[in-house]
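1. One predicted model, sequence on top.
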Amino acid sequence: MDFSAGREAQTHANSMVFTPPKGRPTLCDPWYIRVLLIAGAVVFLGLFLLVPLCAVFYEAFQKGLGAYLAAFHEPAAQAAIRLTLLVAAIAVPANLIFGVAAAWAIAKFRFPAKSLLVTLIDLPFAVSPVVSGLIYVLLFGSQGWFGPFLQAHGIKIIFAVPGIVLATIFVTFPFIARELVPLMQAQGNDEEQAALSLGASGWQTFWRVTLPNIRWGLLYGVILCNARAMGEFGAVSIVSGHIRGLTNTIPLQVEILYNEYNYVAAFAMASLLASLALVTLLIKSIAEWRIRVSEKASISQNLEYA
Amino acid sequence: MKIEAKQLIRRFGDYLALDRVSLEVEDGELVALLGPSGSGKTTLLRLVAGLDYPDSGSVLFQGRDATLLRIQQRRVGFVFQHYALFRHMTVFKNIAFGLEVLPFGRRPARSLIRSRVQELLRLVQLEGFENRLPAQLSGGQRQRIALARALAIEPRILLLDEPFGALDAKVRHELRGWLRTLQQKLKITTLFVTHDQEEALELADRVVVMNNARIEQIGTPTEIATEPATPFVADFLRKSGASVSL
C-alpha cells in the first residue's frame, strides 16, 4: 500500500483541471490567521504551563541557594520525602503486577464479566480522589465497618502509613493496565501460541515473548503511575491525618508549609515534584518514540502479510 | 507419524465448527484440508495441534490417545498463517527458541544450538540471515524462517495454516515446489490448510474437502478432480476456476 504515490497522482490530476491562484497553496489560510493561531497557542501554554513552572523554581530560590537547601534539612521535610518514596516503592510495584495481570487477562482471554473488569479498572479515574479516600475512612476508620475489629487487634490503617499506601494504590491503579490493554490487544495471541507450540511453558512465554513486546508501553505506564503516586494529594490527604513527620507526604507537606507562610520551604518541596514531572515527561517522550518505532515495524510487517 | 481424528465435535457457543469429523493421515503423508472459509478446516488443524480441544471425539498419534495432551507435549511443528515470528528476536533467536526453552537437563549446549540453527538456515536456504529481525525480511523469507523455527524442535508432525495465503503468486509457486521437496526429504507427516484448490491438488498426496463443519470427500487429487463425491465438491472446484493439470 503506497499512499504517497496515490496522493501525488491526485494532485497531478487536480492541477490539470484546476489551477490554483499563484503565490500560495490552495489549502492554506492567510498568514495572519496562522500567526494568530500560533501566537494564541504559545501565549496560552506559556501563561498556564510555563509561567507557573518557572514560578515554582523562582519562589524556591528567592532567598538563595542556602535557604533552598536548608528547607530539606528540616526533619519533617526529610520524613515527607522518605514517606513519599516508600509509598511509591510499594504502590508502583503492586500496580505493576496487578496491571500486567489485568491487561493480560483482558487482552488474551475471553471470560464472562470481562467488561465488568474493564469498567472496574477505570473506576479510580471516574471517582474523585477525595471520595476514594473517604471510602477507606468508611471501611477502616474507627467508626468504619472494620474499625472495631482493627482496633481490637491493634492495627492502624487510617491516619497511618497503610492507609496512605492503600489510597495511593487505588488512585494509581488504572495507569499501567490502561496503557497495556490496547497494546496487547493489537498484538494478538499469535506469538504466544507459537511459543507454546515450540514447547515453552506459560511462564517462559510470558518472560520471553509477551514482556519484551510490551516493554515500552509498560515503562510508559510505570512512570505515569509513579508520578501520580508521588504527587497524589486528594485521597492521601483524607486518610493521612497530617501528622507532621509521620504521615505527611511531599504534597501534604507543601500545603502545610504554604499555609504557615513558609513560602521558600513550601516551594522548595514543590520544586521536587516539579522536577519529577520534568523527568517523567522526558522519559515519557522517549518511551512514546520507542513505541511508535516498534509499532511502525509491526505495521510494516502486517502490511506485507496482507 | 500416523494421525487419526475420531468423531471430533467442536462448538463455539451455538456455532458448530466441527461436526463428527473423522480422518486418518498415514505416516509420511502430505494431506491438504481444502474448503471455503468457515468450513472448519482451521479448527480441525488447531485440534490436532493442541491449540484447542474438542468437545467430544479424540485425536490419536501413532495409535495413542493424544486428545488431552497439552500442545507442549505433542511436539508438533505449527506454521501460523501470518507466521507469528517473534518480532523482537533475530532470526537466529527465533529458530533457536524451541531449543532454548527446553528444561535444563535436555537443553543442548550453546554450540550445538548454534550448529543446529545454521543447519536449518541452510535447509531453508537463508544462510547469512541470522542477525536480521523479522521486519527486515520479505514475506517468503518469513515463511521459510517460520518453517525452520517449527522444524527446530524435530516435530513428529508438521501442521501449516494457509502456508502460502499471504504471499504473491510468483513466490507462492516457488515455495510450493520447494515445500513438497522438503517434505519428501524429511518424510514428515504433514497436514496443511488451504482455500486454494489448485494448491491442494498440486501439492498433496490426498485432499480432504470440507464444508459446513463436515468432510465432503477424502481422496487423491485425481479422484477429487475427476470423481467429485458431492455436488458441493464439484461446485467448489468449478467455481474456483480450477484449471488443474495433473
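-> That came through, no problem.
2. what does the longest helix belonging to chain B contact?
-> If you go by DSSP state H, chain B has its longest helix at helix B:169-186. Residues outside helix B:169-186 that contact it (CB atoms under 8 Å, 6 or more residues apart in numbering or on different chains): B:30, B:123, B:138-140, B:143-144, B:147, B:151, B:158, B:163-164, B:167, B:190, B:199, B:202-203. To be clear about C-beta, it is placed using only N, CA and C from the backbone, and glycine gets the same treatment.
3. Following the chain onward from that helix, which element is next?
-> The helix or strand immediately downstream of helix B:169-186 is strand B:189-194, counting by DSSP states H and E.
4. Now the residue sitting nearest the centre point of chain B: closest residue in space that isn't a chain neighbour?
-> Geometric centre of chain B, nearest residue: B:Leu160, 1.8 Å, by CA atoms, centre = their mean. Leaving aside its chain neighbours, B:Leu160 sits nearest to B:Phe192 (3.9 Å; criterion: CB to CB, 6 or more residues apart in numbering or on different chains).
5. now, which of the contacts of helix B:169-186 lie within strands?
-> Using DSSP state E, B:30, B:158, B:190 are the members of those that sit in strands.
6. could these be laid out in a markdown table, adding distance to B:Tyr83?
-> Supplementary listing: these in a markdown table, determined by distance: CB to CB, whole Å:
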| residue | distance to B:Tyr83 |
| --- | --- |
| B:Leu30 | 20 |
| B:Leu158 | 14 |
| B:Thr190 | 17 |
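7. Include neighbour count, distance to chain A and pLDDT when you put those into CSV, please.
-> Below are those laid out as CSV (neighbours: other CB atoms under 10 Å in any protein chain shown; distance: CB to the nearest CB, whole Å; pLDDT from 0 to 100):
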residue, neighbour count, distance to chain A, pLDDT
B:Leu30, 19, 20, 94
B:Leu158, 23, 11, 94
B:Thr190, 29, 15, 94
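8. just curious, which of those is nearest to A:Val254?
-> B:Leu158 (65.3 Å; CB to CB).
9. what's around B:Gly219, how many residues?
-> 17 (other CB atoms under 10 Å in any protein chain shown).
10. now swap in A:Trp216 and tell me
-> Neighbour number of A:Trp216 under other CB under 10 Å is 21.
11. now it: how far from A:Val239?
-> 34 Å (CB to CB, to the nearest Å).
12. what do you get for A:Ala60?
-> 28 Å.
13. And for B:Leu23?
-> From B:Leu23 to A:Val239 the distance is 64 Å (CB to CB).
14. what's the neighbour count on residue 50?
-> Answering for chain A, as no chain was given. 11.
15. that answer is for a different chain, and I need it for chain B
-> Neighbours of B:Gly50 using other CB under 10 Å come to 23.
16. repeat for the one 5 residues further on
-> For B:Asp55, the count of nearby residues is 12 (other CB under 10 Å).
17. SS state for the residue nearest to the centre of chain B?
-> Assigned by DSSP: H, G, I helix; E, B strand; the rest coil, the conformation of B:Leu160 is strand.
18. That one bridge partners, please.
-> B:Val79, B:Phe192 (DSSP bridges).
19. pretty sure it contacts B:Val79?
-> Yes: with contact defined as CB atoms under 8 Å, B:Leu160 counts as touching B:Val79 (4.4 Å).
20. neighbours of residue 186, just the number please.
-> Looking at chain A here, since you left the chain open. For A:Ala186, using other CB under 10 Å, the count is 12.
21. actually chain B
-> Neighbour tally, B:Leu186, other CB under 10 Å: 15.
22. and the gap between it and chain A?
-> 17 Å (CB to the nearest CB, to the nearest Å).
23. okay, and for the stretch 151-300 of chain A, where does confidence drop off?
-> By pLDDT under 70, the weakly predicted segments of the stretch 151-300 of chain A are A:294-300.
24. which bits of it sit near chain B?
-> A:190-191, A:193-201, A:204, A:208-209, A:212-213, A:294, A:297-298, A:300 (CB under 8 Å from any CB of the partner chain).
25. repeat that for 6 Å
-> Within the stretch 151-300 of chain A, the residues that sit near chain B (CB under 6 Å from any CB of the partner chain) are A:190-191, A:193-194, A:196-200, A:204, A:209, A:212, A:297-298.
26. And chain B, what are its domain boundaries?
-> As recorded under automatic domain parsing, the domains making up chain B are B:1-75+B:157-246, B:87-155.
27. mind putting those in JSON lines, distance to A:Val161 included?
-> As requested, the domains of chain B are exported to JSON lines (distance: least, CB to CB, whole Å):
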{"stretch": "domain B:1-75+B:157-246", "distance to A:Val161": "44"}
{"stretch": "domain B:87-155", "distance to A:Val161": "39"}
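28. out of those, which comes closest to A:Lys156?
-> A:Lys156 sits nearest to domain B:87-155 of all the domains of chain B, at 46.4 Å, using CB to CB.
29. how long is that closest one from one end to the other?
-> Terminal residues of domain B:87-155 are spaced 23 Å apart (CA to CA, to the nearest Å).
30. What of stretch A:106-120?
-> 12 Å.
31. Same check on stretch A:257-269?
-> By CA to CA, the extent of stretch A:257-269 from end to end equals 9 Å.
32. May I see the buried residues of it?
-> For stretch A:257-269, the neighbour count (16 or more other CB atoms under 10 Å in any protein chain shown) marks A:257, A:264-269 as buried.
33. Kindly report the same for stretch B:163-176.
-> B:163-167, B:171-172, B:175-176.
34. What is the most widely separated pair among these?
-> B:Ala166 and B:Arg176 (13.7 Å).
35. Could I get the average pLDDT for stretch B:121-128?
-> Mean pLDDT, stretch B:121-128: 90.
36. Would you mind listing the outside residues contacting it?
-> B:144, B:148 (CB atoms under 6 Å, 6 or more residues apart in numbering or on different chains).
37. If you count surrounding residues, which of B:Leu23 and A:Val239 has more?
-> Remark: of B:Leu23 and A:Val239, A:Val239 carries more neighbours, 27 against 20, as counted by other CB under 10 Å.
38. check contacts around the more buried one.
-> Applying CB under 6 Å, 6+ apart, the residues contacting A:Val239 are A:133, A:136, A:158, A:163-164, A:167.
39. Please report phi then psi for the single nearest residue of the stretch 1-150 of chain A relative to chain B.
-> Of all residues in the stretch 1-150 of chain A, the one sitting closest to chain B is A:Arg110 (10.1 Å; CB to the nearest CB). With angles defined as degrees, to the nearest 10, A:Arg110 sits at phi -110, psi 130.
40. picking up where we left off before, pick out the lowest-pLDDT one from the buried residues of stretch B:163-176.
-> B:Ala166 (73).
41. Tell me how far that one lies from chain A.
-> 5 Å.
42. Need the nearest residue in space to A:Val118, chain neighbours excluded.
-> Leaving out its chain neighbours, the residue that sits closest to A:Val118 by CB to CB, 6+ apart is A:Ile106, at 6.2 Å.
43. State the pLDDT value of the one you found.
-> For A:Ile106, pLDDT reads 90.
44. wait, what's in contact with the most centrally placed residue in chain A?
-> For chain A, the residue nearest the mean C-alpha position is A:Leu224 (2.3 Å; CA atoms, centre = their mean). With contact taken as CB under 6 Å, 6+ apart, A:Leu224 is in contact with A:Phe175.
45. Kindly recompute the last result at 8 Å.
-> Counting by CB under 8 Å, 6+ apart, A:Leu224 makes contact with A:175, A:179, A:280, A:284.
46. Over to A:Leu180?
-> Contacts of A:Leu180 by CB under 8 Å, 6+ apart are A:99-100, A:103-104, A:107, A:214, A:217-218, A:221.
47. ok, 10 Å please
-> A:99-100, A:102-104, A:106-107, A:214, A:217-218, A:220-221 (CB atoms under 10 Å, 6 or more residues apart in numbering or on different chains).
48. cool, A:Phe109 as well?
-> Contacts of A:Phe109 by CB under 10 Å, 6+ apart are A:Asn189.
49. Got phi/psi on it?
-> Per-residue torsions, A:Phe109: phi -130, psi 160 (degrees, to the nearest 10).
50. what about it, distance to A:Val100?
-> 14 Å.
51. next one: B:Leu112
-> Distance of B:Leu112 to A:Val100, given as CB to CB: 34 Å.
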